[in-house]
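Engineer: need coordinates for the below:
(one chain, ligands or ions: 1)
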Amino acid sequence: MGKTLLLDIEGTVCPISFVKDILFPYFVSQVPKLISQRGSNDEKIDGILKSFEIKESEQLKNHILDLVARDIKDSKLKSLQGFVWQNGYMDGSIKAPIYKDAINLISNPDNNVYIYSSGSVKAQKLLFQYACDIDDLERKPINLIPFIKGYFDITTSGPKIESQSYKNILKDINIQGEDILFLSDNPLELDAARKCNIDVGLALRPGNYPVANKSDYPNYTTFTNL
Ligand SMILES: [Mg+2]
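Structural biologist: Numbering: from 1, shown residues only. Predicted coordinates for the structure are as follows:
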């Protein structure tokens, strides 16, 4: 029997370190080059760089890197990151390491899988379009997009630790809480979901932050038996 699942990304289907240690540093590493070749990047990237309205290269670079460092939710920064990451995934510089059991869970055609992450829907789709088996990163990426029924982020649904966000998602999917299982590494997110009667499971992956009240939730070190 198939299941309806709502999956978190970081710490659940991929290591928590991916965004912090790979995705963000990749973007930062590309910024000086994009700025020095302004005018000959692809049109979309040059368009966004222009929209910052800073002519001086050093100043523009510092502004962008400062937004990243302070984790400012700037829409121009977000779209620039989206395009830079897209190029990185496409040329193989970025590989999204997905746990094998998560790949199997998502690609099981009997399951209805939805994603809820604080990363933008665009970034989520890139990650699943270029999914790599974490144990075999050199293999060609697998496109998991055809298996995923929907994507939610903080702009579509609200913050992940608020129960209203899960209400919004249930309404969007048109499902009752008890008919869906939400898997995440963050107990605050699980608590918020549980207030909407959603079945929850705590993902325990290598490198995740330790959870003091682990025993309050069903624990999943693997999704193999789901
Ligand atoms: Mg997470």
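Engineer: neighbours around residue 210, how many?
Structural biologist: As a burial measure, residue 210 scores 6 neighbours (other Cβ atoms under 10 Å). C-beta: built from backbone N, CA, C; applies to glycine.
Engineer: now the helices: where do they sit in the chain?
Structural biologist: Using DSSP state H, the helices of the chain run over 17, 24-36, 43-51, 57-69, 75-90, 100-107, 121-129, 154-157, 163-173, 187-194.
Engineer: which one, of these, ends up nearest to residue 208?
Structural biologist: helix 17 (9.9 Å; Cβ to Cβ).
Engineer: hmm, the closest one in reach of the ion?
Structural biologist: No. Applying Cβ under 5 Å from the ion, one finds helix 17 separated from the ion by no less than 11.7 Å.
Engineer: quick one: contacts of that helix?
Structural biologist: With Cβ atoms under 8 Å, 6 or more residues apart in numbering as the test, helix 17 has contacts from residue 207.
Engineer: swap in stretch 134-141?
Structural biologist: With Cβ under 8 Å, 6+ apart, stretch 134-141 has contacts from 14-15, 89, 95-100, 129-133.
Engineer: biggest separation within those, which pair?
Structural biologist: Between any two of the contacts of stretch 134-141, the greatest separation by Cβ to Cβ is 19.5 Å, found for 89 and 100.
Engineer: compare these two (neighbour count), which wins?
Structural biologist: For residue 89 versus residue 100, the count of surrounding residues by other Cβ under 10 Å is larger for residue 89: 19 against 14.
Engineer: quick one: name the residues of the chain near the ion.
Structural biologist: 8, 10, 11, 185.
Engineer: before we move on, back to that, turn the helices of the chain into JSON lines, including mean pLDDT.
Structural biologist: Output for these, formatted as JSON lines (pLDDT from 0 to 100):
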{"stretch": "helix 17", "mean pLDDT": "93"}
{"stretch": "helix 24-36", "mean pLDDT": "96"}
{"stretch": "helix 43-51", "mean pLDDT": "96"}
{"stretch": "helix 57-69", "mean pLDDT": "96"}
{"stretch": "helix 75-90", "mean pLDDT": "93"}
{"stretch": "helix 100-107", "mean pLDDT": "97"}
{"stretch": "helix 121-129", "mean pLDDT": "94"}
{"stretch": "helix 154-157", "mean pLDDT": "93"}
{"stretch": "helix 163-173", "mean pLDDT": "98"}
{"stretch": "helix 187-194", "mean pLDDT": "98"}
